[in-house]
Each structure stands twice: as structure tokens, then as C-alpha cells.
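Visitor: Dropping a prediction and its sequence here:
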Amino acid sequence: MKSMECIPVSKWDIGCQKKLLIAGPCSAESPEQLLTTAKELKNSGAHVLRAGIWKPRTRPGFFEGVGEKGLKWLKDAGNEAGMSVATEVAKPQHVELCLKNDIDVLWIGARTTVDPFAVSAIAEPLKGVDIPVMVKNPVNPDIDLWLGALERVSNAGIKKIAAIHRGFSTYRKSSYRNPPLWRIPVELRRRVSSLPIICDPSHLAGACELIQTVAQTAIDLLFDGLMIEVHPNPTAALSDRNQQLTPAQYLTLMNSLVWKNTRSSNMEFNQRLTAFRNEIDQIDYKIIDLLALRLNIVEQIATLKNKNDITTLQPNRFRELLRKRLDYGNGQHLSENFVRQIIELIHEEALMHQERCEIQDLNSTCIS
Ligand code: PEP
Ligand code: MN
């Protein structure tokens, strides 16, 4: 696979704050709805007016978008407010219609990014066109699938590319509609440092009251912009009612966000930060040493079990161990979810290690 490092991405010209702010309704519903939203957003600092024209619904029977006629409504509303306009494309015909209607920015939705055939088909009519394209993360937490879609768009010759992080489906219960799994966009940033990454707190949170925290976290993690759903009357919205802000709420949100500096020239601050970081470094090495020590004991257990024909997995022991670790973590004010994930990961590694030892034991090399 071609490395993403080769992708010719350039930071967009994204205004004085150097953050791209996209706002607008989940779905285009009527010319009036778009016009009202655009007019109200005009002085909010948002650069791009968003609206879904074709809506990918998880289940049939729900509002599937107004279709082609909405493109003109969107463009007219954008012109009225002096904003660029953006919409989602899921098929090559959508791209063609958007180009015909002078839509400024396109995005590929989370349900489309999962399908390399669909992304390749969308990339075809993009060949030779100079238009910004944003790619939402796939619904499942697979960074390579996300990179693959970005590469397909890039291979079509698109130069202005951005990724949009909108959270991931998980089987775990969560207060978010799509939990953030921040490590994935952070890893994307590490792999392709020049790629702008925008956060979509609306689809991630799924509820208005969580949007502020998610947006501030995204800013603190150096995201390059925000895409937020704004509707003039969210309770009557035809899609995603619970997560759309009114234009007034959007303005309050924007005023509440703190755009922090990445560096400081204050000597004392820098010295204290370095001291803390040194402590963190030492703790990390200790954690790694302890994990190695733990695995060493696991190897000895493996040999003991093998000699006595005892199975690797001991469900009762693990259940009891997990319960005690969760209790202990709770006493240390660590979240249950965090401790559970770490212990499950350590246990899985221990099981795999024991299995490897068993194979080596057969060759009498695991432990003499
Ligand atoms: C949307 O932006 O309205 C949308 C459908 O988003 P996602 O693809 O993230 O679900
Ligand atoms: Mn939506």
C-alpha cells in the first residue's frame, strides 16, 4: 500500500484562527431553513455552511434527504451569508451534481468510508477537479480503512484533503453516540502530520449537552477545526434532533471555547513542565519494567501448568482478579473503564504468552 506520507496534502487557508469552522443543519430541509441558519451563522465566525442533501440512514423508513433540489438551496443560502457550502457525497452521481451546482467542499460520510469500492467510485469524477474533500472516519475503529479512503481521494489528484473525526461505533455502553477513541485520530496525526483533522462533536456526542466538552478536548488535542450541527429549530429537525444546536447555542459554544497556545516563553512554566515530564518518563519506564516482570512470572506459571496438564485459561481466577483490580482502581480514583481495558489487555497478552511458552516447552526451551 502506498504510504500516506506521500500524499500531497496542504493546510487549507482556514481563516485568522487557523481553525476551520463548519456549521449547519444535519439535513437540508427547505430553502427557508437553510437561509435562516446561514443568516444567523453569518456573524458566528463559521467559514463553511454544511447540510446533508442525501442522508445515509442506518435503517430505512427515515428521512433520506431532499435530494438534488437542495443543492441550489444550499448554494443560495451560502451566497446570502458569504459562506462556502459543503455536503456529503456517497455516489459518483452526487459528486457530479455537486460540481454542477458549484458546491465548494465535499465530504465522504462514515458509512461510505468503510467501503473501498464506494470510495473508488466517488474518486472517479473527482479526477482533474480542484475541490476540497473531507473524509470522515469509518464507523468501525480501523485507521487503515480511514487512511485508505484518504489515499484513494488523494490518488484522484485532490490536493485539499482533510480528515473528519466523528467517533466510532463500539459494542460497549457509552454516554457518547460514537465514542471518540482519541488515540486513533492522534495516531493519524502522527502518521500524516500535514493532514488537517477536523472534529465533528455532534455525531460523536449525539447529545447537545456533551458537545462543549468534546469540542474543547478536540481543540486541546490540536485538531484543525470543528464541524457542528446547527438547526434553527432542532426539536422539529427531520434528522439528528438530539445533537443539533440552535444558532444562539452555537454562538455561546464558540464563545466558551478556549483556543490555547501550544508553547509558552515563560521560563518558570517551562522548567516546571520539564520536571513533570521527567517524572512521567520515569513512571512509564517503571510500568514497562513491571509488565516485563509480570510476564516473566507468567512464563513460570505456563511451565508449571504444562507439566501438570492444566488449561491456560482459568475463568474463575480471572473473574476474581478483575473484580479486585477494579475495586483497587476505584480506590485510586481510576475510572472502571480504564482499569478494565488495561487488565483485559494484560490478561490477553499473558494468555498468548502462555500459549507461546507451551509451544516452546514442547521443545524444552521456555524455562529450563
Ligand atoms: C452527517 O454529517 O450528517 C452524517 C450523516 O454523519 P456521519 O457520516 O458521521 O454519520
Ligand atoms: Mn447528522
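Guide: Looks like it arrived, so ask away. Ligands and ions are numbered 1, 2, ... in the order given.
Visitor: in the stretch 151-300 of the chain, what spans have low per-residue confidence?
Guide: Within the stretch 151-300 of the chain, no range satisfies pLDDT under 70.
Visitor: Asn140 and ligand 1, how far apart?
Guide: 13 Å (Cβ to the nearest ligand atom, to the nearest Å). Using the backbone N, CA and C atoms, a C-beta is placed for each residue, glycine as well.
Visitor: what helix or strand does that residue sit in?
Guide: Using DSSP states H and E, Asn140 sits within no helix or strand.
Visitor: and if you look at the one 10 residues further on?
Guide: According to DSSP H and E, Leu150 maps onto helix 143-155.
Visitor: buried set for that helix?
Guide: For helix 143-155, burial by neighbour count (16 or more other Cβ atoms under 10 Å) applies to Ile143, Leu145, Trp146, Leu147, Gly148, Ala149, Leu150, Glu151, Arg152, Val153, Ser154.
Visitor: residues in this structure within reach of ligand 2, list them.
Guide: Cys26, Asp240 (Cβ under 5 Å from the ion).
Visitor: in the chain, what residue is nearest ligand 1?
Guide: When scored by Cβ to the nearest ligand atom, the chain has Gly109 as its residue closest to ligand 1, at 3.2 Å.
Visitor: mind listing the strands for this structure?
Guide: For the chain, the strands defined by DSSP state E cover 20-24, 48-50, 84-88, 105-108, 133-136, 161-165, 197-199, 225-229.
Visitor: what's near enough to touch whatever residue of the stretch 101-250 of the chain ends up closest to ligand 2?
Guide: Closest to ligand 2 within the stretch 101-250 of the chain is Asp240: 3.7 Å, counting by Cβ to the ion. Contact partners of Asp240, counting by Cβ atoms under 8 Å, 6 or more residues apart in numbering, are Cys26, Ser27, Ser202, His203, Glu229.
Visitor: ok, now Ala207?
Guide: Arg177, Asn242, Gln243.
Visitor: just Val139 next, same as before
Guide: Counted by Cβ under 8 Å, 6+ apart, Val139 has contacts Ala110, Arg111, Thr113, Val114, Phe168, Ser169, Asn178.
Visitor: surely Ala163 meets Trp146?
Guide: Yes. At 6.7 Å, Ala163 counts as touching Trp146 under the criterion of Cβ atoms under 8 Å.
Visitor: shared neighbours of those two, which are they?
Guide: Val135, Asn137, Leu188.
Visitor: Report the entries of those residues that also contact ligand 1.
Guide: The subset of the shared contacts of Ala163 and Trp146 within reach of ligand 1, counting by Cβ under 6 Å from any ligand atom, is empty.
Visitor: isn't Glu124 right up against Gln93?
Guide: No. Contact criterion Cβ under 8 Å: Glu124 and Gln93 do not qualify, at 10.9 Å.
Visitor: okay, those two: which has more neighbours?
Guide: Using other Cβ atoms under 10 Å, the more surrounded residue of Glu124 and Gln93 is Gln93, with 14 against 11.
Visitor: Quick check: the gap between the more buried one and Leu321.
Guide: Distance from Gln93 to Leu321, counting by Cβ to Cβ, to the nearest Å: 56 Å.
Visitor: Filter the contacts of Ala207 down to the ones in helices?
Guide: Using DSSP state H to define helices, no part of the contacts of Ala207 is located there.
Visitor: Let me have the residues you listed in TSV, adding neighbour count and distance to Leu71 as columns.
Guide: What follows is the contacts of Ala207, written out as TSV (neighbours: other Cβ atoms under 10 Å; distance: Cβ to Cβ, whole Å):
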residue	neighbour count	distance to Leu71
Arg177	18	27
Asn242	14	27
Gln243	25	24
